[in-house]
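# 3D, please:
(one chain, ligands or ions: 1)
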Amino acid sequence: ALSAAALHGPLFAQKKIVLGFSQVGAESEWRTANTESIKAAAKDAGIELKFSDAQQKQENQIKAIRAFIAQKVDVIAFSPVVESGWDNVLREAKAAKIPVVLTDRAVNSKDTSLYVTFMGSDFVEEGRKAGRWLVEKMKGQTGEVRIVELQGTVGSAPAIDRKKGFEEIIKADPKFKIVRSQTGDFTRAKGKEVMEAFLKAEGKGINVLYAHNDDMAIGAIQAIEEAGLKPAKDITIISIDAVKGAFEAMIAGKLNVSVECSPLLGPQLMAAVKDIQAGKTIPKRIETVESIFPMETAAAEFPKRKY
Ligand code: GYE
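Model prediction:
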């Protein structure tokens, strides 16, 4: 015989909300934590998640978004690998009446009606925090401070904004000079490779490394050690994210400071998806609150870190 649940289930069961999410890739510890946060939060919220990894390629993200439109998902969310080139596919989603949420990274579309909200960090402010820390650290120093910069993915919001915020602060004092700046695509392998090239070109003339994320800094630390130099001593190292790997490097005395950028966007994304489905209006910008961790604080903070 049929149970009561089987008979009544379909009547009472609410249709699950379907969320299509296009992720950038798996390029960093930050990204892995972000993916985990989104998957876990979808499960907790009872939302059906269609997850797609773009392997850091915009064309893959556009394909994924088009597939979500074809499947008529309820909401589309994505973390745009670069800022530009989204207008067409976003117009297609709008025409299909599927709301879009931007997570983590922004787009530079002029028509802001193409998405409901953008949730994530203020990357310019992260760059400023890195710059302010350096200005303070180099206070008494009169000579030139020669900086090399490892940029994130070319054209991505965090790479553009972290450079901008940092430069805005250091330009107040001409002793600060960015002598080399190149992309390491947010990965350890590329961070190491580019740092090797920087060391080859500049010899012992590098005072500071500013890396747009921890993974590139960790790769660069290897290159610095292999060149016979002491990371965090011979070269002051600043990076962004504050992932566990950065705390380990700080505790080992190899990284001076990491500016926090939280990847734990899952719960607020699911809350927004539910609100959108319920017809509620949500803020156009949902900003992440974050901090900065100099190496002296690392051992005390480490046990409290969630990513
Ligand atoms: O800092 C980096 C990742 O978009 C904020 O992407 C994110 C950045 C993060 O690869 O580690």
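
# can you give me the strands in the stretch 101-250 of the chain?
Per DSSP state E, counting those that start in this stretch, the stretch 101-250 of the chain carries strands over the ranges 117-120, 145-151, 176-183, 208-211, 236-241.

# where does the chain have low pLDDT?
Counting by pLDDT under 70, the chain contains low-confidence residues at 1-13.

# next, the buried residues of the longest helix seen in it.
Counting by DSSP state H, the longest helix found in the chain is helix 29-45. Within helix 29-45, the residues that qualify as buried are 29-31, 33-35, 37-38, 41-42, 45, counting by 16 or more other Cβ atoms under 10 Å. C-betas here are computed from N, CA, C, even on glycine.

# quick revisit: mind putting the strands of the stretch 101-250 of the chain into TSV with mean neighbour count?
As requested, these are exported to TSV (neighbours: other Cβ atoms under 10 Å):
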stretch	mean neighbour count
strand 117-120	22
strand 145-151	23
strand 176-183	17
strand 208-211	27
strand 236-241	27
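
# to the ligand, which of those lies closest?
strand 236-241 (4.9 Å; Cβ to the nearest ligand atom).

# partners of the closest one in the sheet?
strand 208-211 (parallel), strand 257-260 (parallel) (DSSP bridges).

# just send those strands back as a markdown table, with distance to I286 too.
Shown next, in a markdown table, are these (distance: least, Cβ to Cβ, whole Å):
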| stretch | distance to I286 |
| --- | --- |
| strand 208-211 | 27 |
| strand 257-260 | 17 |
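
# save those as CSV, and put in distance to the ligand too.
Shown next, in CSV, are the strands paired with strand 236-241 (distance: least, Cβ to the nearest ligand atom, whole Å):
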stretch, distance to the ligand
strand 208-211, 10
strand 257-260, 10
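
# pretty sure K137 contacts Y210?
No. In this structure K137 lies outside contact range of Y210 using Cβ atoms under 8 Å: 12.0 Å.

# ok, is stretch 160-180 in contact with the ligand or not?
No. Using Cβ under 6 Å from any ligand atom, we find that stretch 160-180 stays clear of the ligand, coming within 8.1 Å at best.

# can we start the residue count at 40 from this point?
Noted, 40 is the first residue going forward, which turns the last one into stretch 199-219.

# straight-line length of that stretch, end to end?
Start-to-end span of stretch 199-219 (Cα to Cα, to the nearest Å) is 16 Å.

# quick one: it to chain centroid distance?
How far stretch 199-219 lies from its chain's middle: 20 Å, per Cα atoms, centre = their mean, to the nearest Å.

# list the buried residues in it.
199-202, 204-206, 208-209, 215, 217-219.

# tell me which element A339 falls in.
helix 334-340 (DSSP states H and E).

# which helices and strands sit right next to that helix?
Packing partners of helix 334-340 (3 or more Cβ pairs under 8 Å, 6 or more residues apart in numbering; DSSP states H and E): helix 283-290.

# report the separation between T192 and D254.
According to Cβ to Cβ, to the nearest Å, T192 stands 12 Å off from D254.

# picking up where we left off before, so which of the strands of the stretch 140-289 of the chain comes closest to A317?
strand 156-159 (14.4 Å; Cβ to Cβ).

# that closest one pairs with which strands, and in what direction?
Paired with strand 156-159 in the same sheet, following DSSP bridges, are strand 139-142 (parallel), strand 324-326 (parallel).

# next, format the ones you listed as a markdown table and append distance to the ligand and mean neighbour count.
Formatted as a markdown table, the strands paired with strand 156-159 follow (distance: least, Cβ to the nearest ligand atom, whole Å; neighbours: other Cβ atoms under 10 Å):
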| stretch | distance to the ligand | mean neighbour count |
| --- | --- | --- |
| strand 139-142 | 9 | 24 |
| strand 324-326 | 13 | 14 |
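
# next up, the contacts around the residue of the stretch 240-346 of the chain found nearest the ligand.
Nearest residue of the stretch 240-346 of the chain to the ligand: N252, at 3.5 Å (Cβ to the nearest ligand atom). Applying Cβ atoms under 8 Å, 6 or more residues apart in numbering, we find N252 in contact with 67, 69, 191, 197, 225, 278-280.

# show me which of those residues neighbour the ligand.
Among those, the ligand is touched by 67, 69, 197, 225, 279-280 when using Cβ under 6 Å from any ligand atom.

# having no further points to raise, I will conclude here.
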